[in-house]
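J.: Okay, structure incoming, though there's no sequence with it:
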């Protein structure tokens, strides 16, 4: 036995396999997933497995490595999220999302940091050695809403699109703020004295980190789009490369991968074949779902162990302050947002936004990345409790609350073509009005971008741009084809010279040449397989070529039965 | 800049990206791929890159790590090969393949080993310090035909199916022999004295390694098939896990992964959805093509450097002996095979089998895994030369030779349904004859296996086995649907109440409700996208809503032109 040799890949695939088996298990029992979010169940499984490992080995189970999390597990989830993000609601609410993500996160960081510092001053709690900077550092890692946790819960509760994009967009874009503040406070902790220059540098750095991420993402996205011009091969490595590059330059990798995915999507989809497109879609879904499962299981496993220092007041007040400051932040910011918008955010929506501020694996990985100091274990314990509280308590109650408050849900059906036409019409109308009135609003910019895209970008990035695609004709053809299939399925294709029925007398009469001409190899292969199987069955029900049975002993009944079944099916 | 942090994934993705860009580059220039196999071009690119790295750094470029090769690069290629292996010709020729793979490989190992030992006795060559055991060890790693190299070349020359499966099947199954002999000689090299018990243990071990691999593969294959009963999620980790497990127990990983892939294919395909199936297929193709590209590029890169000890006689005689012993082996073995078969292997086929014995990355990785001894660099040099000789000289001349000898090619079209029916009919007839005559031949066993499969395995492994699938009816429906689409595309669907033409007057008249009812969300989304784009164009060609242009200045001409283009397209 040579376990050492294959250990790394073997353990990885074993974890993936166990995790997916656990997932299959949940879904076999139908009631559970409708009450408990999958993320909770996976953490629960992780806790049990961690407990078993702890019990058997008598030492802490392995903790999820922060590097593995940030380099291998997080990117696929963010890529998937960015690629399938509905771009229209995202850009319509980009102002509000940015306000929540930037101002809201800063508000939370300082709110939580300062109020926890206040708690530390109470002598009875024995926390006087935790400095203000350490509290702020802790605030910076605990304040950020986690995209993985939000996605896992919000995908199941189906709130309306605007509400979803507000919470989810915030959780994605706050990465830039979190990265800057976390690194700023961490370097402040190690500095002997802080100058005001450093603070200003931090503010400047925020723009560099955010906009730099967007830039890196767009460059890789355009490269990806450009290379798909020359190949039908499919790859999804460019977004990943953009993430790694951004991380390398200390920019926001999450922002980069989202910019890359959103930028390349349109061109890549136009360039690659339909089958490649299906594969890319499924591949991303598969990859992100594996990562997602692993993250939650490892979150559970890592919780067990001896990494924790328990201090009731600090941990309880952390949870309370997280809730209070988020609620206050949402209220205040929404007040300003609503003053400038016609389509306001209702108070029910505000409650869900505040309540949906789940924390997850990002906080957890950041707290383990903290430099060693004597209260690190307290921070780890507090972070773990906040994550478990938000994921379990908030995650499990948010669905009943959404039902109770009758929050506006996502509409079940996609908008009809008529609605779509009217929305488009209004868009163009508003762009015209903005143009005439000289107001540079979102419609104006959208229109300009669209013009730039069709004038320059498409020519460079699309393979077949020179031929104007008559897509209305394609649509018409598609409808006709659809209709023809329906007719064929309903058996109304009367005048068609149909193939002789295959069921008559169980004889198979197919003219070979004709079939070969009309069918492509894939279909033909499929038919051959079907024939192979059926012929087998015919042989089985026919004489058994056996010395010990006489011909005609058993077969007629079975034969007739089989024909009956086939006829029954066809009617 | 924090390069250290992201180094590993960054370099991997960068290599993948560069490799696929190189591949895209080749295919842009059409003539090159028809003369030179892709593998040669990739090695050539690797050589250039290795040269650049060597020139810049003044030290040897990184050598392909044997662990990475065996654990990460080889499995996907073998999985892909095993999954798409045509099972009928494989099992029809399994006897011949095994003879080539087992006896042929042993023949080559001892032939090359002993004759090289003879060369070492010539004093003028200064090779007297290379012992017989070392020569046999070298023979065991250089004798095995490489599946990756064979696949890369034979996929492009399209020889007939039997010839292809003979060479390719041998290259896959000889893994068990190579593993055993290589490990045996390596342990003999380290032993003070060799007892005859050890030799017998080696012979026994061969069966354990080969059959154990099959067993491990089948267990994982059945597990994979069983789990797909309960989920439509797709995973391809079971074959990989079977490979790792086999390697862990020192069994043949290649044999295991092939057994797993061939065993699970049938059930998995029946259980998962069509879309999942497409994804699995594309995913395996993508994964194996990435691995393939990386292997050949790294083979080129690793060649450059200071790992070589040059000894003209040893290297030249290695190449010559490899050619001679393979040719002799094929001749002798085929003589015996032809005596027992009606459908004999022609002398042209024998020549191609002997000439197609390409060596590749497996030899290369094995030679680097050798324990350190003073002549290791000589072995590395000889292996590199043999690989480059077989891949470049044999790989590039085999296509012209196949043309010149007029070797029977693969038939262009798939067998017709009629042929298929007759083949099946003969199979069942022969099974019956074998049964009556009491001869347990291949048809008898195939029939028994098929019976066991439909009686037991399918019931356990297939999701919807209890409903008898009337697949002939499905086929009929498929043909009807196909026919209907053709009719629709030819515009002959006369009596159908077709949707009002979308082109009339450029007005779009679609009744919303109807569309929504008849189309599924995917199609609808697509239509919406098309409409969105086209409406945009209509707006663009329509009045520009601009203060500086009067309405009606430019649009009528463009408008008319666009309608003309659309009409032209539709005719």
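T.: Received, thanks. These numbers were taken from a predicted model, which means no experiment stands behind them. Residues are numbered from 1 along each chain as shown, chains lettered A, B, ... in the order given.

J.: Surely residue A:110 and residue A:138 touch.
T.: No: counting by C-beta atoms under 8 Å, residue A:110 stays clear of residue A:138, with 12.0 Å between them. Every residue, glycine included, has its C-beta placed from N, CA and C.

J.: For those two, indicate the residue with more neighbours.
T.: Higher neighbour count among residue A:110 and residue A:138: residue A:138, with 29 against 16, using other C-beta atoms under 10 Å in any protein chain shown.

J.: Distance of the more buried one relative to residue A:180?
T.: Distance, residue A:138 to residue A:180, by C-beta to C-beta, to the nearest Å: 16 Å.

J.: what do you get for residue A:236?
T.: For residue A:236, the distance to residue A:180 equals 28 Å [C-beta to C-beta].

J.: which residues touch the nearest residue to residue A:298 once chain neighbours are set aside?
T.: Distances taken as C-beta to C-beta, 6 or more residues apart in numbering or on different chains put residue A:64 closest to residue A:298, at 3.9 Å, once the chain neighbours are dropped. Going by C-beta atoms under 8 Å, 6 or more residues apart in numbering or on different chains, residue A:64 touches A:295, A:298-299, A:301-302, A:361, A:364-365.

J.: Most widely separated two among those residues?
T.: A:301 and A:365 (13.8 Å; C-beta to C-beta).

J.: pLDDT on stretch A:345-356, on average?
T.: Averaging pLDDT along stretch A:345-356 yields 91.

J.: Now it: buried residues?
T.: Applying a neighbour-count criterion of 16 or more other C-beta atoms under 10 Å in any protein chain shown, one finds A:345, A:348-356 buried in stretch A:345-356.

J.: and if you look at stretch A:107-121?
T.: For stretch A:107-121, burial by neighbour count (16+ other C-beta under 10 Å) applies to A:107-113, A:115-117, A:119-120.

J.: Among those, which lie within strands?
T.: Per DSSP state E, strands hold no members of these.

J.: so where is the stretch 101-250 of chain A shaky, pLDDT-wise?
T.: Low-confidence segments of the stretch 101-250 of chain A (pLDDT under 70): A:232-235.

J.: show me where chain A has strands.
T.: Going by DSSP E, chain A shows no strands.

J.: Domain-wise, how is it divided?
T.: If you go by the TED database, the domain ranges for chain A are A:3-405, A:418-463.

J.: can you tell which of these is closest to residue B:97?
T.: Closest to residue B:97 of these, according to C-beta to C-beta: domain A:3-405, at 27.7 Å.

J.: can you list the residues of the stretch 201-350 of chain A near chain B?
T.: Within the stretch 201-350 of chain A, the positions lying close to chain B (C-beta under 8 Å from any C-beta of the partner chain) are A:227, A:230-231, A:233-235, A:237-238, A:240-241, A:244-245, A:247-250, A:275-276, A:278-279, A:282-283, A:286, A:289.

J.: Would you mind listing which of those are buried?
T.: Neighbour counting with 16+ other C-beta under 10 Å marks A:227, A:231, A:233-235, A:237-238, A:240-241, A:244-245, A:247-250, A:276, A:278-279, A:282-283, A:286, A:289 as buried within these.

J.: Those residues in helices, which ones?
T.: Cross-referencing these against helices under DSSP state H gives A:227, A:237-238, A:240-241, A:244-245, A:247-248, A:276, A:278-279, A:282-283, A:286, A:289.

J.: remind me which residues of chain A are low pLDDT?
T.: A:1, A:30, A:232-235, A:412-417, A:464-482, A:485, A:487-571.

J.: could you redo the last one with a cut-off of 50?
T.: Applying pLDDT under 50 to chain A flags the ranges A:466-470, A:494-518, A:536-557, A:563, A:571.

J.: tell me, what residue is most central in it?
T.: The residue lying closest to the centre of chain A (C-alpha atoms, centre = their mean) is residue A:81, at 3.6 Å.

J.: could you list every residue that touches it?
T.: A:147, A:151, A:168, A:172, A:258, A:288.

J.: Tell me the most packed of these, by neighbour count.
T.: Counting by other C-beta under 10 Å, top hit in the contacts of residue A:81: residue A:258 with 30 neighbours.

J.: in the stretch 251-400 of chain A, which spans are helices?
T.: Per DSSP state H, counting those that start in this stretch, the stretch 251-400 of chain A carries helices over the ranges A:253-271, A:274-303, A:312-339, A:347-355, A:361-368, A:376-388, A:395-405.

J.: Quick check, residue A:286 in contact with residue B:276.
T.: No: under the criterion of C-beta under 8 Å, residue A:286 makes no contact with residue B:276, lying 9.2 Å away.

J.: Run through the residues that contact residue A:442.
T.: Residues in contact with residue A:442 (C-beta under 8 Å, 6+ apart) are A:91-92.

J.: switch to 10 Å and redo it
T.: Contacts for residue A:442 (C-beta atoms under 10 Å, 6 or more residues apart in numbering or on different chains) come out as A:91-92, A:94-95, A:427, A:430-431, A:434.

J.: ChimeraX command to pick out the buried ones of those residues?
T.: In ChimeraX, this line selects whichever of the contacts of residue A:442 come out buried by 16+ other C-beta under 10 Å:
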select /A:91,92,427,430,431,434
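
J.: Kindly indicate which of the contacts of residue A:442 lies nearest chain B.
T.: residue A:431 (7.3 Å; C-beta to the nearest C-beta).

J.: so which pair among the ones in helices among the buried ones among the residues of the stretch 201-350 of chain A next to chain B is furthest apart in space?
T.: The span of those, defined through C-beta to C-beta, is set by A:248 and A:278 at 32.5 Å.

J.: that older thread, what subset of the contacts of residue A:442 is also close to chain B?
T.: Near chain B, judged by C-beta under 10 Å from any C-beta of the partner chain, the entries from the contacts of residue A:442 are A:427, A:431, A:434.

J.: Okay, the second one and residue A:92: tell me how far apart.
T.: Which is residue A:431. Separation of residue A:431 from residue A:92 (C-beta to C-beta): 14 Å.

J.: which neighbours do those two share?
T.: Taking C-beta under 10 Å, 6+ apart as the contact rule, residue A:431 and residue A:92 both touch A:442, A:446.

J.: Excluding chain neighbours, give the residue nearest to residue A:148 in space.
T.: Here the residue nearest residue A:148, using C-beta to C-beta, 6+ apart, is residue A:360, at 5.1 Å.

J.: Distance of the closest residue to residue A:111 other than its chain neighbours relative to residue A:138?
T.: The spatial neighbour of residue A:111 that comes closest, neighbours along the chain excluded (C-beta to C-beta, 6+ apart), is residue A:325 at 3.7 Å. Relative to residue A:138, residue A:325 is positioned 13 Å away (C-beta to C-beta).

J.: Which residues are in contact with each of these two?
T.: In terms of C-beta under 10 Å, 6+ apart, residue A:325 and residue A:138 are both contacted by the residues A:109, A:112-113.
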